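Q: sequence and computational prediction follow.
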Amino acid sequence: GEPLANRADRFLVSTLTLNHRRTWGSMNLYLSRRQDLDANPITSRLPSLIEDLPQFTLSIPQRAIGRKGSDSRSPFLPFLATTYFNVNFRASNHSETFKILVPDSTADTGFSLGEETEAFRAMQGRFNFSDNRRLPMGWTITPRLSVNSVLYEKDAIDQRWQPGAVYNLGLGASATYFGTFNTRIGALQAIRHVVFPNISFSWQPEFESLRVTDPETGLTVSRFPSKAGISISAGKQRFMSYGLQQRFQIKLRRGDEEVQLPNLITWTTNGSYDFLWRDSGRKTPWLPMTNRIRIQPPAYFNFDVTSLHAFDAWPHLRSMGIAASLRLNGGSDRPPGPVADIPLAGNEALTKPQLPSKLPWSISLTYSYSGGRGTAEEWKTTQLANTVLSIRPTRNWHLDYYNSLNLTRGEITAQEFSVTRDLHC
């Protein structure tokens, strides 16, 4: 077999998380220690020890600044009843320790193993303000102001306890339109088409004070490098995002009952336009556009198609994914449950759906296809499939089978059989 170094997990990980929730927000205290027990400074520059002691976050969810009056409450800034804010605060005490080689004349090799620790302490506050205003023809506009501020113990040029802040302005617009078609064909009674268009614009000036010249390399770098989930962007932004979601809902008649399928088909399109595309060296201002179509009849079946189109390359279609899942069960008059969403990566036997207690058998089948073009413009595909079969011949016995197939390579990547006996002690 393989040597122990290849079979044993060489990382020692310890974590502790404390959460506290209040009506006005939530707090989280996170402590983590991750040690590489086999760190080698010759073959890897990765840290041998990463510690967050601690990392603290405070979150105040979105809430209105003002309120309108009611029978039980007096008004407070009623003109700001549709103006909202939220706050997120993070503080981090992060350190990374590296194994290094230091000169040692007493050692046979002339070097000995030492350690070097890089400490990072910083705080970040994000403040967001937005407002919703109704316009004619069903449109809603949402102006937005975002402020991101940081305080670093040491910036990129070793200045201590340096603050920095940026702001970002945005304007969004959205609407909802629908039409109902009373098409009566057999059991079909009506079709409703719902359309949700949306568009937004984001603007941020360039903050030159947040860029400095590295004295060692002479290059212009960010004054506040990203680390431990804390970051700030000094670059200017001018871009527009657009989206269109379409939903097809149908109404069926089964005997004397009407059955509604609210989200039988959902089609979502998203993309963006970069007004600074020349500054970034792009060939076109239009950024990649994504499409997703989901067909979801109740209970049995799911079908998803996703695609990504890039307008600066030919062919425009750069990637596509297909996922389908089918669930069948029987042995009871009880209606089946929702379609199982089974992962397709690795051995997921522990996450496979459990058989309801009153169903003698259940089978779930999933299939996924992913294809895309790489740097050589060659279309490469991967096809995977999963099967989960559960049988309950008696009240206390369970028979389960799971497998995962790589259809591209034509092999079984994982499978598992299990027999379970419930002991009522």
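A: Right, received. Where do you want to start?

Q: burial measure for the spatially closest residue to Pro288 that is not a sequence neighbour, as a count.
A: Taking Cβ to Cβ, 6 or more residues apart in numbering as the measure, Pro288 lies nearest to Ala310, with 4.7 Å between them; neighbours along the chain are not counted. In this view, the C-beta of every residue, glycine as well, is placed from N, C-alpha and C. The number of residues packed near Ala310 is 18, by other Cβ atoms under 10 Å.

Q: just checking, which helix or strand of the chain averages the lowest pLDDT?
A: helix 4-7 (a mean of 52; mean pLDDT, DSSP states H and E).

Q: neighbouring strands - and their directions - for the helix or strand containing Thr117?
A: Secondary-structure element containing Thr117, defined by DSSP states H and E: strand 111-131. Here strand 111-131 is paired, per DSSP bridges, with strand 83-103 (antiparallel), strand 140-154 (antiparallel).

Q: distance to Ile250 added to those, as CSV?
A: Supplementary listing: the strands paired with strand 111-131 in CSV, determined by distance: least, Cβ to Cβ, whole Å:
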stretch, distance to Ile250
strand 83-103, 35
strand 140-154, 27
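
Q: weakest of the ones you listed by average pLDDT?
A: Note on the strands paired with strand 111-131: lowest mean pLDDT is at strand 83-103, with a mean of 92.

Q: then that strand to PDB, C-alphas only?
A: These are the backbone C-alpha positions of strand 83-103, laid out as PDB (Å, rounded to 0.1, in the frame of the first residue of the first chain):
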ATOM      1  CA  THR A  83     -35.000  53.800   4.100                       C
ATOM      2  CA  TYR A  84     -33.000  50.800   5.400                       C
ATOM      3  CA  PHE A  85     -29.500  50.200   6.800                       C
ATOM      4  CA  ASN A  86     -27.400  47.300   7.900                       C
ATOM      5  CA  VAL A  87     -24.000  47.000   9.600                       C
ATOM      6  CA  ASN A  88     -21.400  44.300   9.600                       C
ATOM      7  CA  PHE A  89     -18.300  44.600  11.800                       C
ATOM      8  CA  ARG A  90     -15.300  42.200  11.900                       C
ATOM      9  CA  ALA A  91     -12.200  42.200  14.100                       C
ATOM     10  CA  SER A  92      -9.400  39.700  13.500                       C
ATOM     11  CA  ASN A  93      -6.200  38.600  15.300                       C
ATOM     12  CA  HIS A  94      -4.700  36.400  12.700                       C
ATOM     13  CA  SER A  95      -1.200  34.900  12.600                       C
ATOM     14  CA  GLU A  96       0.700  32.600  10.200                       C
ATOM     15  CA  THR A  97       3.900  30.700  11.200                       C
ATOM     16  CA  PHE A  98       6.300  29.500   8.500                       C
ATOM     17  CA  LYS A  99       9.100  26.900   8.800                       C
ATOM     18  CA  ILE A 100      12.400  28.500   7.400                       C
ATOM     19  CA  LEU A 101      16.000  27.500   7.000                       C
ATOM     20  CA  VAL A 102      18.400  29.600   9.000                       C
ATOM     21  CA  PRO A 103      22.200  29.500   8.700                       C
END
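
Q: any buried residues in that strand, and which?
A: If you call a residue buried by 16 or more other Cβ atoms under 10 Å, then strand 83-103 has these buried ones: 83-85, 87-99.

Q: could you identify the most distant pair in those residues?
A: With Cβ to Cβ as the measure, no two of the buried residues of strand 83-103 lie farther apart than Thr83 and Lys99, at 52.9 Å.
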